[in-house]
Every structure is written in structure tokens, then in C-alpha cells.
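> Fold the following for me, if possible:
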Amino acid sequence: MSNFNQGRQNIYIHPQNQQLLWNTMNKTPMFSNMNPQIKYSWFKGIIQQFYNSNQYIYDAALLQQINKETIVNRPIENDEEVVVLSSTIGFLGIKDV
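The predicted model follows:
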């Protein structure tokens with residue numbers, strides 16, 4: 001990548017985006033009831049994994065796609081959680097879950 005993006009912050013790791021992801025995932029019982037240390041460790045790991053694969057996220061369309069992939073990759077316990085996530089993702093303007 002050229003120096004053009006040097007100094008620009010990847011919007012995926014911006015605190016507001018991480019808070020959005022955290023809040024969305026916590027709307028499901030399995031994630032919200034998970035041991036806090038395990039939940040935090042998993043969240044940190046998944047953010048790091050997606051950041052390492054997508055270090056140059058500077059536009060909203062790509063951010064929505066990566067956010068969707070992040071949310072879909074979280075632990076799901078049952079179909080009810082999929083409904084909660086789907087409605088939340090739709091509210092966030094993320095399509096094609």
C-alpha cells in the first residue's frame with residue numbers, strides 16, 4: 001500500500017465502531033451471559049483477526065461488510081439469537097446476513 005493511507009486510522013478499530021460491535025453482540029443471551037474474561041478475550045481476538053486481514057478500511061461500505069462478518073463470526077447458541085442479530089444488523093444498515 002502506498003504512503004497515501006499512512007497516518008489515516010483504520011475505521012474498523014475506531015472506538016465508536018468497536019463499541020457498536022460490542023453492543024450488538026451483547027444483545028444476544030449467549031454472548032451477554034458469557035464469562036466476562038472469556039468474552040473480552042474472544043472480542044479482542046476477533047477484532048485483531050479481522051484487523052490483521054483488513055488493515056485498510058477507510059470507507060463505510062467496506063466497514064459495514066467487515067462488521068457483518070465480525071458479528072456473524074461470534075458464538076451463536078440458538079436460532080432466536082440469529083433473529084436478534086438479523087434485526088440488529090438490519091437496523092445498522094448491514095445487508096445480506
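> helices or strands up against the lengthiest helix in the chain?
As assigned by DSSP state H, the longest helix anywhere in the chain is helix 36-53. Secondary-structure packing of helix 36-53 (3 or more Cβ pairs under 8 Å, 6 or more residues apart in numbering; DSSP states H and E): helix 15-25, helix 60-72. From N, CA and C alone the C-beta is placed, and that goes for glycine too.
> Show me what that helix is in contact with.
If you take Cβ atoms under 8 Å, 6 or more residues apart in numbering as the criterion, helix 36-53 is touched by 10, 12-13, 18, 21-22, 25, 31, 34, 66, 69-70, 73-75.
> buried sites along that helix?
Across helix 36-53, burial judged by 16 or more other Cβ atoms under 10 Å covers K39, W42, F43, I46, I47, F50.
> and what of stretch 66-74?
Applying 16+ other Cβ under 10 Å to stretch 66-74 flags I66, N67, K68, T70, I71, R74 as buried.
> go on, stretch 54-68?
Buried residues in stretch 54-68, defined by neighbour count with 16+ other Cβ under 10 Å: N54, I57, L63, I66, N67, K68.
> With pLDDT added, can I get those residues in JSON lines?
Below are these laid out as JSON lines (pLDDT from 0 to 100):
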{"residue": "N54", "pLDDT": "84"}
{"residue": "I57", "pLDDT": "86"}
{"residue": "L63", "pLDDT": "92"}
{"residue": "I66", "pLDDT": "91"}
{"residue": "N67", "pLDDT": "91"}
{"residue": "K68", "pLDDT": "88"}
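> tell me the pLDDT at Q16?
At Q16, the model reports a pLDDT of 94.
> try L20
Here the pLDDT value assigned to L20 is 93.
> That one reaches N67, doesn't it?
Yes: the criterion here is Cβ atoms under 8 Å, and L20 meets it with N67 at 7.3 Å.
> how about the buried residues of stretch 66-74, which pair is most distant?
Spatially, the most separated pair among those is I66 and R74, at 13.5 Å (Cβ to Cβ).
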